[in-house]
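**Q** Next input, structure requested:
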Amino acid sequence: MRLLLSDFVSNSYNNYNFMKKIINSILYIILSTLSFSIIANSDEGEKLYLIGTSAFNNGEYKKALQFFNQSLSYNLKKEKIFYSIGSSHYRLEQYNEAYIAFEKASQHKPLASAAQYSMGLASIKNNNNDKAIKNFLLSFQSATNETQKNRALRMLNKLKAENRIKTRNKWNALIISSYGYTNNTTNSNPEISISQDNISSQYQHYFTKIGFQPSHKWKLYFRNTFLNYNNTNTKDYLKNDISGKYKLVLSNILLHINANSSISYLNGNAFQGSNSAGAEARYTFNNQPSLTVNYHWSNYYQLDKRYSYLNGTKHQLSTKGEFRKNRNNYSMELGFELNNRRDFYNNGLLIESFSPKKLTIASQSTHNISKRLTLSLMLKYSINHYQDANRIQGGETKTRIDTWYRAGGKIQISLLKRLWLVSEYYYTKNRSNIISYRYDSGQISTGFVFKY
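**A** Have a look, this model is predicted:
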């Protein structure tokens, strides 16, 4: 009896394992088939969406609408499809249908601002300005960048409803703090009777900037810059700034008016002050690209008689073109500067060089690598003509002409919702027809940005 019971238990256990293997195999086949089907459906849906996008770009909006609607039945992100459907209806002048589609797209946070803005445009076409104002206000409040904010502001300005904007906080704060290290090497030439020595200097630079935004129009900044030289014969340099900026939106033109006041110190003693004012006008062509013109005037005055030669004025005029492609920003800038100050030396070390005439060309690109990582690259070139002649041996004089290059980049990493880590590196090369003014410089810094 015991033997028969043992055989029964053994056979039952073997049958159980056999059935378990069969069930697992069936489940694996079913799940594999379903996964393949989902992937295939996703690929098919993506193809339909791409065909619709191509048709939309070619102005075939009815055809695009058909393909966008077909792609809805597949495993794709519905919000981007609804936005494309809304855009197609809008081009076909079917504004009620467009509004409904944009409203569905606005439920997804990354598209909320753009969708609310489009809903506002559709409301205007339907002669419902009150609803449009609500949409543009929501677009402004859900904006994730300045471009989206300014776009909504322009429409509110046209509808004379800009005063309805309510900032989330009475004071929005920006805090930037960084520490950096710079190594600078200046060349010398024994044939020049009046020149710098061959100097290799290193210094640490500390930078702190605190900004407040009491409203969407006004911004105030307090900035502190400190240079601590490793060379004990060189005096430490400190500069404090206070500046304000006012924003005004005029149709497609964004106007910034700014003013600044600063005082500079050497080893704690004030030696120079400055006041400046300027204006920047940015015109946007159908949301992008944009063209910016900037003018800035500065007046410098000495607080110590020993530095009276620093007195004077400076005029800066620049223009910049900017466009956005695939979430990346690209810009090119051309600038011109007139300056009637002379160079400033501190115990033989060139602290700041003032070129009477300066022409600058710069380019910059910003790449959004991921949601948390942004990379910016910069190239800059300038040519400087100096009025003062430099005396060399034998009584001969030369008018100094410098060619200045800079290249570098910045990495910004989002650590928390309102906190970023920023690291920068820039290499500078100055080449002059007078060898004593040639130098190379490497600068690295890292810091934190906090916005509230």
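**Q** which residues of the stretch 201-350 of the chain score low on pLDDT?
**A** 201, 231-235, 251, 286-288, 307-310, 326, 341-350 (pLDDT under 70).
**Q** low-confidence ranges in the stretch 51-200 of the chain?
**A** Residues of the stretch 51-200 of the chain that meet the criterion pLDDT under 70 lie in 75-76, 161-172, 186-200.
**Q** Tell me who's in contact with residue 77.
**A** Contacts here follow CB atoms under 8 Å, 6 or more residues apart in numbering; on that basis residue 77 touches residue 108. (Glycine included, C-beta is placed from N, CA and C.)
**Q** how about 10 Å then?
**A** Residues near residue 77 by CB atoms under 10 Å, 6 or more residues apart in numbering: 45, 49, 83, 108, 111.
**Q** My guess is the last one contacts residue 102. True?
**A** Yes - using CB atoms under 10 Å, residue 111 is in contact with residue 102, at 9.1 Å.
**Q** between the two, who's got more neighbours?
**A** Higher neighbour count among residue 111 and residue 102: residue 102, with 27 against 20, using other CB atoms under 10 Å.
**Q** Counting neighbours, what do you get for residue 109?
**A** So residue 109, with other CB under 10 Å, has 10 neighbours.
**Q** Give me the packing partners of the helix or strand hosting residue 449, helices and strands only.
**A** Using DSSP states H and E, residue 449 sits in strand 439-451. Using 3 or more CB pairs under 10 Å, 6 or more residues apart in numbering; DSSP states H and E, the elements in contact with strand 439-451 are strand 172-186, strand 199-213, strand 397-414, strand 419-432.
**Q** mind redoing it with 7 Å?
**A** For strand 439-451, the elements it packs on are strand 172-186, strand 419-432, judged by 3 or more CB pairs under 7 Å, 6 or more residues apart in numbering; DSSP states H and E.
**Q** Those into JSON lines, with extra columns for distance to residue 77?
**A** Below are the helices and strands packed on strand 439-451 laid out as JSON lines (distance: least, CB to CB, whole Å):
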{"stretch": "strand 172-186", "distance to residue 77": "32"}
{"stretch": "strand 419-432", "distance to residue 77": "27"}
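**Q** Nearest to residue 409 among those would be which one?
**A** strand 419-432 (6.4 Å; CB to CB).
**Q** between the closest one and strand 172-186, what angle do the directions make?
**A** Angular relation of strand 419-432 and strand 172-186 on a 0 to 180 degree scale: 30 degrees, by axes from the mean of the first three to the mean of the last three CA atoms, to 10 degrees.
**Q** partner strands of strand 419-432, parallel or antiparallel?
**A** In the sheet, strand 419-432 lines up against strand 397-414 (antiparallel), strand 439-451 (antiparallel) (DSSP bridges).
**Q** what is in contact with residue 111 and residue 102 at once?
**A** Taking CB atoms under 7 Å, 6 or more residues apart in numbering as the contact rule, residue 111 and residue 102 both touch residue 83.
**Q** Generate TSV for the strands paired with strand 419-432, with mean pLDDT, mean neighbour count and distance to residue 361 as supplementary columns.
**A** Formatted as TSV, the strands paired with strand 419-432 follow (pLDDT from 0 to 100; neighbours: other CB atoms under 10 Å; distance: least, CB to CB, whole Å):
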stretch	mean pLDDT	mean neighbour count	distance to residue 361
strand 397-414	88	16	11
strand 439-451	88	16	19
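**Q** if we can go back for a sec, quick one: which of the helices and strands packed on strand 439-451 is nearest residue 207?
**A** So among those, strand 172-186 is nearest, using CB to CB, at 4.8 Å.
**Q** what residues does the closest one touch?
**A** Applying CB under 7 Å, 6+ apart, the external contacts of strand 172-186 come out as 196, 198-213, 350, 422, 439-452.
**Q** try it again with 6 Å
**A** The contact list for strand 172-186, computed with CB atoms under 6 Å, 6 or more residues apart in numbering, reads 196, 199-213, 439-445, 447-452.
**Q** if we can go back for a sec, output the helices and strands packed on strand 439-451 in TSV; the columns should cover distance to residue 240 and mean neighbour count.
**A** Output for the helices and strands packed on strand 439-451, formatted as TSV (distance: least, CB to CB, whole Å; neighbours: other CB atoms under 10 Å):
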stretch	distance to residue 240	mean neighbour count
strand 172-186	15	16
strand 419-432	22	16
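**Q** mind listing what the residue nearest to the spatial centre of the chain touches?
**A** With the centre of the chain defined as its mean C-alpha position, the nearest residue by CA atoms, centre = their mean is residue 366, 6.5 Å away. Shown in contact with residue 366 (CB under 6 Å, 6+ apart): 329, 376.
**Q** so what's it bridging to?
**A** residue 329, residue 376.
**Q** And it, what's its pLDDT?
**A** Predicted confidence (pLDDT) at residue 366: the value is 92.
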